[in-house]
Structures are given as C-alpha cells and as structure tokens.
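Engineer: Just to be clear, the model below is a prediction. Sequence and coordinates:
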Amino acid sequence: MPYVRSHTRKGGARVRAHYRRRRTGSVRRRSTVRRLTGGGRSADGWVLVLGAVVGFVLLRMVVDFVQRHPYWSALVVSVVVAVATALLLGVSRQRARERVEQAQRDRLVAVTDAMSGAEFEQWFARILVASGFRNVTVCGGPGDRGADVLAIAPDGRRVVVQCKRQSPSNRVGSAAIQRFAGTCRDIHGGEICLLVTNGFFTAGDGIQLARQLDITLVDRSALEMWAWTGRPVAGSIEGGGSC
C-alpha cells in the first residue's frame with residue numbers, strides 16, 4: 001500500500017511525497033524457490049557421487065576378495081555359471097515343449113472354430129511355415145487389399161493368401177472369389193493365389209470361376225488334411241482349382 005512521508009528541502013519548504021511499499025514476501029518466496037530448485041540439482045549430483053563411491057567400494061571389495069581367496073572365487077564363479085546354464089536350458093526346453101504343443105494343436109482344424117479372423121491368419125501362417133514355405137508374413141488388416149498372408153513357396157514362387165474364417169453355417173460365395181482374383185496378381189504380384197477357409201465354398205459358379213482365374217480354393221476338408229500331414233494340398237503348388 002502507498003504511504004506519505006514528509007521532508008524539508010534546502011530552501012526551508014516542507015513537502016510531502018507518496019511512496020509504495022515493496023512486497024518483501026514475494027521477493028522472499030522467489031528467492032526460496034530459487035534455493036529449492038538449486039538444492040534439487042545439488043541433491044541429484046550428490047546421489048550420483050554417492051552411487052559412484054558405492055560402486056567403486058563394491059568393485060574394490062570384489063577384487064580384494066578374489067586376490068585373497070582365488071579358489072573360493074573360482075568355486076563361486078563355477079556355481080554361478082552352472083546355475084545360469086541350468087536356467088537357460090530350462091527356459092529353452094520349456095519353449096521347445098510349448099512349440100511342440102502348439103504344433104499338435106495346430107494339426108486340428110477344429111481349433112479354428114473358436115478363433116478370430118486375425119488368429120486364423122496367424123494359425124494358417126504357422127501351417128505354411130511347417131510346410132516348408134519361406135518368408136511367411138501376416139499382413140491382414142485394414143487396407144490389406146485382400147492379402148492376409150504372403151509367403152514364398154518351396155519352388156520359389158510368390159504366394160498370396162486370403163483367409164476366410166467362417167462359422168459352420170456360413171459359406172464363402174463367388175463374390176469373395178471375384179474380389180480376391182482382382183487383387184491377387186495385379187496388386188500383390190501373386191504367382192500362387194490361395195483362398196483359404198475353415199468352412200466351405202458355395203457350389204456353382206464360384207468354383208468354376210476359381211478354376212478359370214487360377215485361384216486355389218482350400219476348404220475345411222482340404223485344410224484339415226494339410227494341417228494334419230504338413231503337406232500343401234493338391235493343386236496349391238501345381239496350379240489353381242478347387243480342393
């Protein structure tokens with residue numbers, strides 16, 4: 001708040017002057033903030049210094065122990081290496097068992113009935129890998145333009161796969177075959193075009209159209225045989241048609 005203060009000039013005249021009080025509290029708060037901020041940086045520096053000192057002391061203790069007790073040190077290292085090796089072997093065996101169990105499950109086409117579309121694509125990709133296909137890539141999703149899985153066949157040709165996971169009561173019709181035929185070769189450069197479903201295709205023009213367009217149809221029966229034997233269905237390598 002302003003306050004009034006009077007004083008006398010050299011000529012003897014007495015005058016009044018208005019002054020404004022300084023806010024010492026805000027200055028004090030700002031200086032306190034600066035001190036706190038600077039203290040935080042100092043604390044971080046001390047933590048780093050303390051960590052470096054502790055690390056150096058521990059390293060020195062280890063070196064001193066090794067120099068004084070070389071045999072015990074060798075024994076401790078041997079035990080640590082043995083335990084680490086045992087853990088790695090255990091993890092490796094567990095993963096191998098999981099792969100074997102997964103491969104056993106994948107041989108049963110019935111497991112696909114409870115899958116989502118994306119899970120069905122992953123499942124068929126594993127079937128391709130087990131059948132000797134290379135560079136198997138799952139690329140299904142929005143904007144895939146009909147290519148759910150890409151791969152290289154054992155003979156080197158490019159494979160484009162569209163997967164259709166269906167409920168038991170639904171069938172894949174000719175419209176899906178026509179759409180896949182329009183993208184498999186022109187857009188994806190497929191040399192082998194596979195339309196795979198865990199259901200069946202509608203009888204009639206669709207199957208005939210697939211033969212004309214060199215599209216291989218893999219229905220539930222053919223897919224079950226492929227998954228069980230680990231060998232591609234007849235026609236998927238040699239050429240198109242219905243399986």
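Structural biologist: In hand now; what should we look at?

Engineer: Just give me the residue closest to the centre of this protein.
Structural biologist: V138 (12.8 Å; C-alpha atoms, centre = their mean).

Engineer: Got the confidence number for S167?
Structural biologist: For S167, the pLDDT comes out at 83.

Engineer: Show the backbone phi and psi for it.
Structural biologist: Dihedral pair for S167: phi -80, psi 160, per degrees, to the nearest 10.

Engineer: what sits against it?
Structural biologist: 113, 199 (C-beta atoms under 8 Å, 6 or more residues apart in numbering). Where C-beta positions appear, they are placed from N, C-alpha and C, glycine not excepted.

Engineer: still on that earlier bit, would you agree the residue nearest to the centre of the chain is in contact with A147?
Structural biologist: No: here V138 does not reach A147: they are 10.0 Å apart, not a contact under C-beta atoms under 8 Å.

Engineer: Let me see the ranges of the strands in the chain.
Structural biologist: 2-8, 14-20, 134-138, 149-152, 158-164, 171-172, 192-197, 200-201, 216-218, 241-242 (DSSP state E).

Engineer: tell me, which of these is the model least confident about?
Structural biologist: strand 241-242 (a mean of 46).

Engineer: OK, contacts around G156?
Structural biologist: Neighbours of G156 in contact, by C-beta under 8 Å, 6+ apart: none.

Engineer: any idea how far it is from T216?
Structural biologist: 17 Å (C-beta to C-beta, to the nearest Å).

Engineer: what's the answer for F180, then?
Structural biologist: 11 Å.

Engineer: same thing with G143?
Structural biologist: Taking C-beta to C-beta, one finds G143 at 24 Å from T216.

Engineer: Compare neighbour counts for these two and give me the winner.
Structural biologist: Per other C-beta atoms under 10 Å, whichever of G143 and T216 has more neighbours is T216, with 26 against 5.

Engineer: does that one really touch T197, like I thought?
Structural biologist: No: using C-beta under 8 Å as the test, T216 is too far from T197 to be in contact (11.9 Å).

Engineer: just to revisit the earlier point, where do the contact lists of F180 and T216 overlap?
Structural biologist: Common neighbours of F180 and T216 (C-beta under 8 Å, 6+ apart) are 193, 195.

Engineer: Tell me the spatial nearest neighbour of G199, not counting adjacent residues.
Structural biologist: Spatial nearest neighbour of G199, excluding adjacent residues (C-beta to C-beta, 6 or more residues apart in numbering): Q166 at 3.4 Å.

Engineer: neighbours around that neighbour, how many?
Structural biologist: Neighbours around Q166, by other C-beta under 10 Å: 19.

Engineer: Who are the contact partners of it?
Structural biologist: By C-beta under 8 Å, 6+ apart, the neighbours of Q166 are 172, 197-200.

Engineer: Type out the ChimeraX command that picks the buried ones from these.
Structural biologist: Burial among those is assessed by 16 or more other C-beta atoms under 10 Å; the matching ChimeraX selection reads:
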select :172,197,198,199
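
Engineer: and the contacts of Q166, which two are the farthest apart?
Structural biologist: For the contacts of Q166, the maximum inter-member distance is 10.1 Å, found between V172 and N198 (C-beta to C-beta).

Engineer: so what sits against both of the two?
Structural biologist: 164, 166.

Engineer: Lowest mean pLDDT among the helices and strands of this protein, which one is it?
Structural biologist: Using mean pLDDT, DSSP states H and E, strand 241-242 stands out as the lowest-scoring helix or strand of the chain, at a mean of 46.

Engineer: if I read this right, A125 contacts G140, doesn't it?
Structural biologist: No: under the criterion of C-beta under 8 Å, A125 is not in contact with G140, lying 9.6 Å apart.

Engineer: quick one: low-confidence parts of this protein?
Structural biologist: 1-42, 90, 92-107, 233-243 (pLDDT under 70).

Engineer: quick one, helices of it?
Structural biologist: Taking DSSP state H as the test, the helices found in the chain are 24-68, 70-106, 117-130, 174-184, 205-212, 220-229.
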